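J.: Need a 3D model of the sequence below.
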Amino acid sequence: GSVLLFSVNTAALGVNGTAVYFEANVAPPAGAPISPFPPSNGGGDPGQEAAGDIFRSARFSNFGAYGGQTLNPAPYGSNALEIDEVLLGLQAPAGTWALGLGIGEDDLDALEAEDASAIDSDGDGIPNPGTHAYFSLDFASVQVVNGIADPFPGVATGPDPDGVTADDILISPVPGPAGPVFRYAIFARGVLDVGLLPGDDLDALVLSDIDPVGSLNPGDEILFSLAGGSPSLVAGANPLMPAGVLSPGDVYRKRFGAPPILYYARAVDLGLLDSDELNALDIGNCFGSCSDDFDSDNDGINDLCDVCRTVSDPAQSDADFDGVGDLCDNCPTVFNPDQSDTNFNGIGDACEIGPCLCPFQGDINNDGFIDATDLAMLIDIVFFGAVDPQDGTCPTTRADFNGDGFADATDLAELIDHVFFGGAGPTDPCTCPGGFPCP
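T.: This next block holds a predicted model:
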């Protein structure tokens, strides 16, 4: 499995009980500094201390085909410049006309440098041969505002008719044997390759660029988030995005060469609110201590990292990327990490036929029990025309005990058998192959 590292924006609140919530709302005033840590002013006292923190997620499905990078660290309590923006082909400083684009500076947004063992291992400010930085630009960047045309069309991917936009993934240096060092090319076009909408703002990025490195290929994949206000976050606006309510706190997964954009982790899976926004993203491998962890299914993967702890599954297959292995997933084709199964029929709610959940059949008065009171109400419905209640999107009424589409004497006979003689319970029309009514 893989574990996400992430940061949030200044407005994020987090779900109560999580580290994000504590840092954003509760963190107490700073006390005396504890050696060797530097003193702190204590943020908002209380709270308002989350936006600069890096948080760790629970385990999710495996991602990527590369190892970790190794970089020369900066001195403790300090930082070091890795690559100047000028070397990436960006405009700086803000007060000059450096690239002839007016007075303004480019704002690097998402960043991925994981595929390079080190971008600049000798510290000379020039990227190592064959290594690349992948990044996006904020929508307010001067090159985005000025509508710069695709600088090297067809080098890493096809030409981008939209030019450089905030939904594109850029790469520097330009790939190729003689690619310019201090320039960038478009690695993946936001609309044509990722499947985003014009106006989307790529906010956080994790990228796996398999061989040949530097060009977009089927098998390359990304995790990403979108900034609040991106058109693709509007429910139903982008048919390639997951259905339902979308959040700037969600992490999405895209495998190039495969049309849909899938959930990798929803905001709630990260302990965030739907209104919270991710600012940065990275990923690492899940690990657990063999000395204090168990391997319940004896498949060689300890329970902490196992996507299917109760069934031996060395392959760790997880087709829908929800962190629950296919052999244990109650809905293996649809992302449902919560594994909700409202009617307890072994089929996850996300895979029920039709958008219906029907736990009410036979419980006509909706008190949570199927008993003699419901039997009396069914007699009134069948023989005296009393109202037969309907619940939400359920295709049957509560009095339709056998789920055949009719509330009649057959339901009465089956309900009597169930209440007084322990006969079979109600039939759920959502589980019938082919949909309702049951064959």
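J.: where along this structure do the helices fall?
T.: 19-21, 142-145, 372-384, 409-421 (DSSP state H).
J.: Could you save the ones you listed as a markdown table and add columns showing mean pLDDT, mean neighbour count and distance to residue 282?
T.: Quick note: C-beta positions are derived from backbone N, CA and C, even for glycine. Listed next are the helices of the chain as a markdown table, based on pLDDT from 0 to 100; neighbours: other Cβ atoms under 10 Å; distance: least, Cβ to Cβ, whole Å:
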| stretch | mean pLDDT | mean neighbour count | distance to residue 282 |
| --- | --- | --- | --- |
| helix 19-21 | 79 | 20 | 16 |
| helix 142-145 | 85 | 20 | 24 |
| helix 372-384 | 90 | 16 | 55 |
| helix 409-421 | 89 | 16 | 55 |
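J.: And the residue nearest to residue 390 when sequence neighbours are not counted, how far from residue 404?
T.: Leaving aside its sequence neighbours, residue 390 sits nearest to residue 397 (Cβ to Cβ, 6 or more residues apart in numbering; 5.1 Å). As judged by Cβ to Cβ, to the nearest Å, residue 397 and residue 404 stand 11 Å apart.
J.: higher neighbour count, these two?
T.: Under the criterion of other Cβ atoms under 10 Å, the comparison of residue 397 against residue 404 puts residue 397 first, with 21 against 17.
J.: isn't that one right next to residue 387, touching?
T.: No: counting by Cβ atoms under 8 Å, residue 397 does not reach residue 387; the two are 9.3 Å apart.
J.: what's near enough to touch the closest residue in space to residue 314 that isn't next to it in sequence?
T.: Spatially, and ignoring its direct neighbours in sequence, residue 314 is nearest to residue 299 (4.9 Å; Cβ to Cβ, 6+ apart). Going by Cβ atoms under 8 Å, 6 or more residues apart in numbering, residue 299 touches 306, 312, 313, 314.
J.: Let me have the helices of the chain in JSON lines, adding distance to residue 172 as columns.
T.: Shown next, in JSON lines, are the helices of the chain (distance: least, Cβ to Cβ, whole Å):
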{"stretch": "helix 19-21", "distance to residue 172": "32"}
{"stretch": "helix 142-145", "distance to residue 172": "13"}
{"stretch": "helix 372-384", "distance to residue 172": "69"}
{"stretch": "helix 409-421", "distance to residue 172": "69"}
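J.: Select, out of those, the one closest to residue 185.
T.: Comparison of the helices of the chain against residue 185 by Cβ to Cβ identifies helix 142-145 as nearest, at 13.1 Å.
J.: Now stretch 230-245: buried residues?
T.: 230, 232, 233, 238, 241, 242 (16 or more other Cβ atoms under 10 Å).
J.: pLDDT (mean, whole number) over it?
T.: Across stretch 230-245, pLDDT averages out at 92.
J.: got a list of contacts for it?
T.: For stretch 230-245, contacts defined as Cβ under 8 Å, 6+ apart pick out 195-201, 226, 246-248, 252, 259-263, 274, 335.
J.: Can I get that stretch as CSV, trimmed to CA atoms?
T.: Only the C-alpha atoms of stretch 230-245 are listed here, as CSV (Å, rounded to 0.1, in the frame of the first residue of the first chain):
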residue,chain,number,x,y,z
SER,A,230,-12.1,24.6,-10.8
PRO,A,231,-15.0,23.9,-13.3
SER,A,232,-14.4,20.1,-13.0
LEU,A,233,-15.3,20.2,-9.3
VAL,A,234,-18.9,21.1,-10.2
ALA,A,235,-21.0,17.9,-9.9
GLY,A,236,-21.8,16.5,-13.4
ALA,A,237,-19.8,19.2,-15.3
ASN,A,238,-17.0,16.9,-16.4
PRO,A,239,-18.2,13.4,-17.4
LEU,A,240,-14.7,12.0,-16.9
MET,A,241,-14.7,12.9,-13.2
PRO,A,242,-16.3,10.7,-10.5
ALA,A,243,-20.0,11.2,-9.9
GLY,A,244,-21.4,13.1,-6.9
VAL,A,245,-20.0,15.9,-4.7
